[in-house]
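Colleague: just need the structure, nothing else, for what follows:
(2 chains)
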Amino acid sequence: MAVPVIELRGITRRFVLGDSVVKAVDGIDLDIGPGEYLSIMGPSGSGKSSLLNLVALLDRPSSGSYRFEGRDVTALDDDELAALRRDSIGFIFQFFHLVPRLTAAANVELPLTLAGVAPAERRERVATMLAAMDLADRAHHRPAELSGGQRQRVAIARAMIAEPRLLLADEPTGNLDSHSGAQVVELLEGLQQDRGITLIVVTHDAAIGRRAQRRLRLVDGRVESDERG
Amino acid sequence: MSTAMRAVDRLCFAWSAVSGQRLRSGLTVLGIAVGILAVVLLTAVGEGVRRFVLGEFTQFGTNIVGVQPGKNTTFGMSGATISSVRPLTVDDAAALTRVPAVTAVVPVIQGNAEVESGARARRTTVFGVGADMPAVWRMTVASGSFLPDDGFTNARPFVVLGQRMYRELYGDDNALGERVRIGNDRFRVIGVMASKGQMLGFDLDDTVFIPVGRATEMFDREGVMEIDVTYAEDEPSAQVVRDIERLLLARHGQVDFTLITQDKMLDVLGDILDILTAGVAAIGAISLVVGAFGIATIMTIAVSERTAEVGLLRALGARRSDILRIFLVESAVLGAAGGAVGVAVALALVGAARTLVPGLPLAVLWPFVGGALVVSIVIGIGAGLLPAARAARLDPVEALRAE
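Modeller: A predicted model of the protein is given here:
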């Protein structure tokens, strides 16, 4: 069996709120293999986003171990985590998080710009990616001039531009109408299948959650169910 | 893909943020621009005044030594010690003519008296001087001749009129040979000086020149106010000063006189005027400080507005140091733009002022202009440090949640 992309052992994340300590993630063990399509569901406050932030290397666990692509990442410093995010992980957010003053093309280009890729190569890759997302004619529009669905497609293009092996989507349809939402989900699933990337989707929406091959349900920071097929 | 963000990309990103908030950035830039404008303009005025004043003082030449009664180490203190000193006399002046290398000696007494010619009268400055005055003060005679070399005592009662004095008394008529009354004495006009203009507000044309001995009697003085000595151009001033000192010491028995060389005077004046320039530059710098706070304020606002953007950039792989640099470049751009605008406006204003008022004492100090640009960038970075550090410290998860 291939090395899991994500290997969590006894992962917890505690927050101190005033006098009390809240366990947002409470001792989760989880292996996710390459190319898997996983959805994480659960009521508000069940720890979905906290778990996603840990998996995303944006947050550090309070205890437990995390191996990312076989490598222990709990001991890495901030800069090493940043480099790993940049080169290996793509992010999609509920509120798109596009930079409003930049054009669609410049937004998509951002991860390559941060990585110091040469301008000519950046332009070429961005053009190809925008075309693949059916956004070629929107390249020079700013986010405010785009529809919600178009914005999320730009965000997906940005998430994919650095060719990550792991794609994390936090409520990707939460801010879209059902039609655009369905389009976005189909796009993500297509990327997962065509490019063999690992896809994790956090969602409230049962209809979307059900589509994943593997479905994780969290309650109170623990895994309540882990279904496949 | 392991290299860092390119400098030019950082600059472009900063520019997109600055130009994305046109009004706000413009006003912030204006704050720095006003400061830079103030510094460049005020130093231009300061330097202009410096050059003007030094020019006024060197118009008499630089190979001139002034001897004044009283021992003092600084200017403006002669009154404090004058009671215990022997006055400088015309005999001292006569003795000074024998010092080697000395080319001319002019004892000077200055006073006020009424000058009357026919029906016209005018109260004016009367200088009692010697025959060498035109050479020493670099003045020229327009018509007639200057006072003859009669020696410092018992000179004949001749008077030479300043240009303005001549116009006031005679208009365009001939004045030579005319009789005038100065105080209670009668004099004959033997010359009219060419115009010399003003020196530090004192009109050298609104004067009359009479022999120093006559002035001593007229103003009832024991001695002269000053003796101006010129020496050969190629003579080292230190040597001449030593010789003058030795002679006067022998005559007076003590150092109860003060020598003022042009070098020394120009040094002291230069120091004073440098302080003046630095002072006005400091006033300008205050407005720069205000401008710096403007940048700090706007950068603080920018960081809180763009907290989510910081979170995004961190998620996309920006390091804390990248975030710090992104915001520092942005505040540096604001500072640099302010500096550029300030310098451009200052140079335009100086140019316009020179065209409109040609005599205005303005001199652009180019090192200050270059310095101003560097300083404006440094100010931009300095003002951005705190907000940028705050942005870099943001927790990416918290930052992403902000909206």
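Colleague: for chain A, which helix is longest?
Modeller: For chain A, the helix with the greatest residue count under DSSP state H is helix A:178-195.
Colleague: counting by contacts, list what the helix or strand following that one packs against.
Modeller: Of the helices and strands lying after helix A:178-195 in sequence (DSSP states H and E), the nearest is strand A:198-202. Strand A:198-202 sits against strand A:37-41, helix A:48-55, strand A:166-170, helix A:178-195, with contacts defined as 3 or more CB pairs under 8 Å, 6 or more residues apart in numbering or on different chains; DSSP states H and E. For glycine as for every other residue, the C-beta is placed from the backbone atoms N, C-alpha and C.
Colleague: then the following helix or strand past strand A:198-202 to PDB, C-alphas only?
Modeller: Sequence order places helix A:206-209 as the next helix or strand after strand A:198-202, per DSSP H and E. What follows is helix A:206-209, C-alpha atoms only, in PDB (Å, rounded to 0.1, in the frame of the first residue of the first chain):
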ATOM      1  CA  ALA A 206     -25.400  16.600   3.000                       C
ATOM      2  CA  ALA A 207     -26.000  16.400  -0.800                       C
ATOM      3  CA  ILE A 208     -22.500  17.400  -1.500                       C
ATOM      4  CA  GLY A 209     -21.000  15.400   1.300                       C
END
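Colleague: enumerate the residues of chain B near chain A.
Modeller: B:1-6, B:9, B:13, B:16-17, B:20, B:308-309, B:311-322, B:396-397, B:400, B:403 (CB under 8 Å from any CB of the partner chain).
Colleague: what about these, which are in helices?
Modeller: B:9, B:13, B:16-17, B:20, B:308-309, B:311-315, B:320-322, B:396-397, B:400.
Colleague: quick one: which of the helices and strands packed on strand A:198-202 is nearest B:D220?
Modeller: Nearest to B:D220, of all those, is helix A:48-55, at 99.9 Å by CB to CB.
Colleague: mind giving me the packing neighbours of the closest one?
Modeller: Helices and strands touching helix A:48-55, by 3+ CB pairs under 8 Å, 6+ apart, are strand A:6-17, strand A:20-32, strand A:37-41, strand A:166-170, strand A:198-202.
Colleague: list the contacts for the closest residue to chain A within chain B?
Modeller: In chain B, the residue that lies nearest chain A is B:G317 (2.2 Å; CB to the nearest CB). Applying CB atoms under 8 Å, 6 or more residues apart in numbering or on different chains to B:G317 gives the contacts A:A82, A:A83, A:R85, A:R86, A:D87, A:P111, A:L114, A:A115, A:A162.
Colleague: and the gap between the residue nearest the centre of chain A and chain B?
Modeller: Geometric centre of chain A, nearest residue: A:L168, 1.4 Å, by CA atoms, centre = their mean. From A:L168 across to chain B, the span is 9 Å (CB to the nearest CB, to the nearest Å).
Colleague: quick check, the residue in chain A closest to chain B?
Modeller: Residue nearest to chain B within chain A (CB to the nearest CB): A:R86, separated by 2.2 Å.
Colleague: tell me which other helices or strands the helix or strand that contains A:V126 touches.
Modeller: Under the criterion of DSSP H and E, A:V126 resides in helix A:119-132. In this structure, helix A:119-132 packs against helix A:104-115, helix A:148-160, with contacts taken as 3+ CB pairs under 8 Å, 6+ apart.
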